[in-house]
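Asks: coords please:
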Amino acid sequence: MNIKDIKCFLLDMDGTIYLGDKLIDGSLQFLDTVKKQRKKFLFLTNNSSKNKDAYKEKLNKLGCEVDAEDVFSSGEATIIYLNKLKPGAKVFLLATPLLEKEFIKAGFKLIKDRSEKPDFVVLAFDTTLTYEKLWIACDLIREGVEYIATHPDFNCPLEDNKFMPDTGSMIKLIEGSTGKKPLVIGKPEKYIIDAVIEKYNLKREDIAMVGDRLYTDIAVGKNAGITSTLVMSGETTEDMYKKSDIKADYVFESIKELEEAINK
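Replies: Numbers count the residues shown, from 1 in each chain. Here you go, the predicted structure:
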């Protein structure tokens, strides 16, 4: 598929559109070009620490005029997945208050302590993580409660080449204690793309994933059967890409060069 023929761009946010609270050069021009060409874009993020309204607010503050429905996270994909398995399930959720609200809105009952056994343990990007939450989760996982994680990113990129520990780091910690690995919903697994295709009525061959991480953004291209586009503005360095077995269909320095490619 030629990049100019893509009809819907799934855009990672952290490291692709912005770093921390700073917009990456060329982001607004790219969105304008996609709109002018009457194509579609969706902000697809593994970051499950915020809900779509929070992302809309952040993007709007940065100058990106988007609607809440233009944002889709691994948290929302996890809700869609769980609703198919067991609507109204009891969930022990390691997540921020914003994502907790989304789970409650979707009809799930959140278990907060050891008094009840849940149907699922769900690990999200919990920036409010406490030792008590972690301890309870590990006990439940050892007891055989089904364990799901929203995404596997080890780090969340920030400005000035700094990083926050992300959900993948928490997955490793829990694995060290329990020996158990979760079912992952977000990138690189196909479940998040399946959820997007279903919700927005898209065709797989019309979609390109644009992102900065090899093991999530680019790997999901192969796993979900869509075009992958790597931007070198976030986590991945040239040296990392050379040494990796994961290869993208397209590679650009940043979203600015991608915009130039589709606007030729």
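
Asks: could you measure from Leu134 over to Ser49?
Replies: Here Leu134 is placed at a distance of 16 Å from Ser49 (C-beta to C-beta, to the nearest Å). Using the backbone N, CA and C atoms, a C-beta is placed for each residue, glycine as well.

Asks: between the two, who's got more neighbours?
Replies: Ser49 (22 against 17; other C-beta atoms under 10 Å).

Asks: now do the same contact list for the more buried one.
Replies: 95-96, 98-99, 124-127 (C-beta atoms under 8 Å, 6 or more residues apart in numbering).

Asks: pull the helix or strand with minimum mean pLDDT from the chain.
Replies: Within the chain, no helix or strand scores below strand 155-157, which has a mean of 81 by mean pLDDT, DSSP states H and E.

Asks: next, the contact list for Lys40, please.
Replies: 7-9, 34, 200, 202.

Asks: report the rounded mean pLDDT for stretch 45-64.
Replies: Stretch 45-64 comes out with an average pLDDT of 90.

Asks: for stretch 124-142, that is, sorry about that
Replies: Mean predicted confidence for stretch 124-142 is 97.

Asks: list the buried residues for it?
Replies: Neighbour counts over stretch 124-142 (16 or more other C-beta atoms under 10 Å) mark 124-126, 129, 133-134, 136-138, 140-141 as buried.

Asks: equivalent analysis for stretch 98-107, please.
Replies: Buried, per 16+ other C-beta under 10 Å, within stretch 98-107: 98-100, 102-103, 106.

Asks: same thing with stretch 191-211?
Replies: Buried residues in stretch 191-211 (16+ other C-beta under 10 Å): 191-197, 202, 206-211.

Asks: what distance separates that stretch from the centre of its chain?
Replies: In terms of C-alpha atoms, centre = their mean, to the nearest Å, the centre of stretch 191-211 is set 13 Å apart from its chain centre.

Asks: with stretch 187-205 instead?
Replies: Centre to centre, stretch against its chain (C-alpha atoms, centre = their mean), the figure for stretch 187-205 is 12 Å.

Asks: using PDB, write out every CA atom in stretch 183-195.
Replies: Provided in PDB are the C-alpha atoms of stretch 183-195 (Å, rounded to 0.1, in the frame of the first residue of the first chain):
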ATOM      1  CA  LEU A 183      -3.200 -11.100  28.200                       C
ATOM      2  CA  VAL A 184      -2.300  -7.700  26.600                       C
ATOM      3  CA  ILE A 185      -5.000  -5.800  24.800                       C
ATOM      4  CA  GLY A 186      -3.100  -2.700  23.500                       C
ATOM      5  CA  LYS A 187      -0.400  -2.400  20.900                       C
ATOM      6  CA  PRO A 188       1.300  -4.700  19.700                       C
ATOM      7  CA  GLU A 189      -1.700  -7.100  20.100                       C
ATOM      8  CA  LYS A 190      -4.400  -7.100  17.400                       C
ATOM      9  CA  TYR A 191      -7.200  -6.600  19.900                       C
ATOM     10  CA  ILE A 192      -6.900  -2.800  20.000                       C
ATOM     11  CA  ILE A 193      -7.000  -2.600  16.100                       C
ATOM     12  CA  ASP A 194     -10.000  -5.000  16.000                       C
ATOM     13  CA  ALA A 195     -11.800  -2.800  18.500                       C
END
